[in-house]
Every structure is written in structure tokens, then in C-alpha cells.
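> Next comes the sequence, and after it the predicted model I'd like to discuss.
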Amino acid sequence: MAKKKKKSRFSSIKWMIITLLSSGGLGGFMKPDLPFIGPLTQRLMAFAKSDESLGQGNLMNQVKANMTGAGNGVAGLNGQQAAPAQLANSNRPSSSILIASFNIQVLGKSKMAKPAVVEVLARVIRQFDVVAIQEVRAKEDNILPQLVAAVNADGHRYNFIIGPRLGRTVSKEQYAFVYDTTRIEQDPSATGTLSDPTDLMHREPFVARFRARTNPPEQGFSFWLMNAHTDPDEVPEEVDALSQAFPLMLNARADEDDVILLGDLNASERQFGNLGKIPNITWTVTGNTMTNTRQNKAYDNILFDRIRTSEYTGRWGVYDIEGVFGITREDALMVSDHLPVWAEFSAWEAAPNNRMADRFPNDQPR
């Protein structure tokens, strides 16, 4: 593949801002193709509930043998400032939410045909309120419905949003968000893929707006999630492109000031360049914490503006699949070559105000 030409940073930002202003809001810098939203997962519940989905392989036997300990255990591999995740969904405090990012390496037909792997993925996803997923790679459209059906097989009520297939080669990837509908609501009017008119990234970020379910609802913490996966061969250029897109999202709506960029950046904090120089930006994975399964790279992270997003509690971690489930490194690599990273945020807006009432279409006047 030929190396792409470096583009003018000024021209790309100018184009996006002009389009945003001339189009009247969010839709101005979103691609017109709508994501597929997944309430139809019930049709595939038989997949997750079948006896075959329990598996009999070595991986599944180890998982089943260790799940009692994992249910009350520690998320593992936490950095110096990290704290254990709440591993049992029903035990999570209503005052906070857990947001995670997970590159599920080549999530497609082959991986979904391995019941033991699907079982591990389902159990991992249940530990979090929202999971940004990278590297959905399949020609079929049933991958996320099958995965979410497995997550919901024990009575949970997760849903998903998936973006379009992206990439410059025949190998396309999709981003997705999977979220617990009992704790999180999604704004259907605010979902899409950022427009990248000068082709700065192989896979431009997928964004969606969510809010923690609270009573009253208008006081729940609302936020953009900006799902990104940089190309490993062009990390400096693509991380620099994210440094342009992040401030744009901060100003996308006058009524939303929280933007959380998360994903597989293929870069440690020492490689953030201009992204790390954005005023007030901070990130959760720091120090010598590794985020890949082989424990030798720090690729994944969660970033936000420390002043605007004061809902961050300071708790974060990396979910050690190998340690939590008591499986071998080889079996953990069957699940993914990345580990989920997570951060905790308050379920309540730091400064509640009346503007929240008209932010979500389903809100009723008080």
C-alpha cells in the first residue's frame, strides 16, 4: 500500500467547521450513512441460550471453574492510581458508571463460532455500563446481534450501536458501542461517523452520545464517546488527526461539554504528540501499565478534558482476562490480543442545570 500524502491540518479543520456551521448542527460533520442500531438481538437469543454455546473445551472448563472467584475479584493490572472494577453488575453503585474500551481482535464469524470465547466476551462486557468496541471485521451483519444475545442470555438488557465498515483496503472494520440499557440511555439523534474530507485516518472515529439513567433523568451525566482505532503503520499522523477532531467534538453542541475519546490508539502516553498537548486533556492509563494481552505494549486509553469532565472519579484499570478467568496466556489470546481498559465516572452531572431537559428526545417536561 502506497504511503498516503500528508494533508494540510488547516484545510481539514476549516472544511469541517464550515460544513458544521452551514449544515445546522451535528449532522454537518457526520457521514450520511446511519449506523445500525440493535434492538433486534432478541431474534438471536437462541444462539446464546443453546447448549452448544456452553462449550466443552479446555478454555471453557477453566472459565467455569474460575468464575466464582472472578465474580468477586479484582479487574487486574491496575496502575498506581487505579482501583478494582465492580465485577458484579448488580453490585455496582447507582452513583457511578463504568466506561470501557475493548479491541476484540478480528471480531467476526470465526471468533463467534467459538462458544468458549463468546462466553468470556459476554462475561467481560457485563462488567461495564458502556463498552466501545474496535475491530469488528466481518461481511455478515449478525456479529453484534449474536454477541449481545450472549451478553443478555442471563437476563441482562444490553443493546448496541454499530457504525459503517471503514478502511482503505478490502479489509474493512466497524466500530460499535454496547451498553446496559438499565443504566445507560443513548441519544438517537446524536450518533454517526466523523467526516474526514482530507483522508487523514484509515478509520475515522465513530461517535455517539449517552446519558446515565438517574432520577430525575435530566440530572444524569451525559457525554460523547469518541471511538477510535489508529492504523499501526501511521500512528503519528493519525494520533495528530485525533488532536484535531477532539476539540471539534468539544464544540459540536452548545449543550454538551463532555467528550471521552477512547480506543486502540496504538500509542502509549509518550506517543500522544499534539493530542497530549491539548489544553486540560488527561488520560487514565499511565506509567508502566500495559494494555495488551502479551503485557508488553500500552496501546489503549481513555482521554478527556479534566476541567469539563470533572465527573471522573479517579478510578481506572485494565481488565486482566488471563488473571480474572484463570486461563492460560494462549487461551486469553484466543479472546483478543488486547485487554479492556476502563474508567469510572459519576452518574450525575457535575453541575446540573435545566438545559439537560431538551438534550434527549425522550425527556418529558417536568
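Perfect, I can see it now.
> So for the longest strand along the chain, what gets flagged as buried?
Among the segments of the chain that qualify as a strand by DSSP state E, the longest is strand 96-107. By neighbour count on 16 or more other C-beta atoms under 10 Å, the buried set for strand 96-107 is Ser96, Ile97, Leu98, Ile99, Ala100, Ser101, Phe102, Asn103, Ile104, Gln105, Val106, Leu107. Where you see a C-beta, it was placed from the backbone N, CA and C, and this is true even at glycine.
> And these, which two are furthest apart?
Using C-beta to C-beta, the buried residues of strand 96-107 reach their maximum pairwise distance at Ser96 and Val106, which is 32.3 Å.
> Now find how far off-centre the longest strand of the chain is within its chain.
Centroid separation for strand 96-107 versus its chain: 5 Å, with C-alpha atoms, centre = their mean, to the nearest Å.
> Would you mind pulling up the elements that that strand packs against?
Under the contact definition 3 or more C-beta pairs under 8 Å, 6 or more residues apart in numbering; DSSP states H and E, strand 96-107 sits against helix 115-125, strand 130-136, strand 222-229, strand 259-264, strand 300-305, strand 341-346.
> can you put the ones you listed in CSV and add mean pLDDT?
Shown next, in CSV, are the helices and strands packed on strand 96-107 (pLDDT from 0 to 100):
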stretch, mean pLDDT
helix 115-125, 97
strand 130-136, 98
strand 222-229, 98
strand 259-264, 98
strand 300-305, 98
strand 341-346, 97
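> can you give me the strands for the chain?
Remark: strands assigned in the chain by DSSP E are 36-37, 96-107, 130-136, 158-162, 174-180, 184-193, 206-212, 222-229, 259-264, 281-283, 300-305, 312-318, 341-346.
> Among the helices and strands packed on strand 96-107, single out whichever gets nearest to Ile184.
Closest approach to Ile184 among these (C-beta to C-beta): strand 130-136, 5.6 Å.
> what's the offset of the closest one from the middle of its chain?
Relative to the centre of its chain, strand 130-136 is centred 5 Å away, using C-alpha atoms, centre = their mean.
> now that strand against strand 184-193, angle please.
30 degrees (axes from the mean of the first three to the mean of the last three C-alpha atoms, to 10 degrees).
> in its sheet, what does strand 130-136 sit against?
If you go by DSSP bridges, strand 130-136 pairs up with strand 96-107 (parallel), strand 174-180 (antiparallel).
> Just the CA trace of the longest one, in PDB.
Pointing back at strand 96-107 there. In PDB, the C-alpha atoms belonging to strand 96-107 read as follows (Å, rounded to 0.1, in the frame of the first residue of the first chain):
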ATOM      1  CA  SER A  96     -21.300   5.900  39.200                       C
ATOM      2  CA  ILE A  97     -20.900   4.200  35.800                       C
ATOM      3  CA  LEU A  98     -18.100   2.200  34.300                       C
ATOM      4  CA  ILE A  99     -17.000   3.100  30.700                       C
ATOM      5  CA  ALA A 100     -14.600   0.700  28.900                       C
ATOM      6  CA  SER A 101     -12.800   0.300  25.600                       C
ATOM      7  CA  PHE A 102     -12.000  -3.100  24.100                       C
ATOM      8  CA  ASN A 103     -10.300  -4.000  20.900                       C
ATOM      9  CA  ILE A 104     -11.800  -7.500  20.300                       C
ATOM     10  CA  GLN A 105      -9.200  -8.600  17.800                       C
ATOM     11  CA  VAL A 106     -10.900  -9.600  14.400                       C
ATOM     12  CA  LEU A 107     -14.400  -9.900  15.900                       C
END
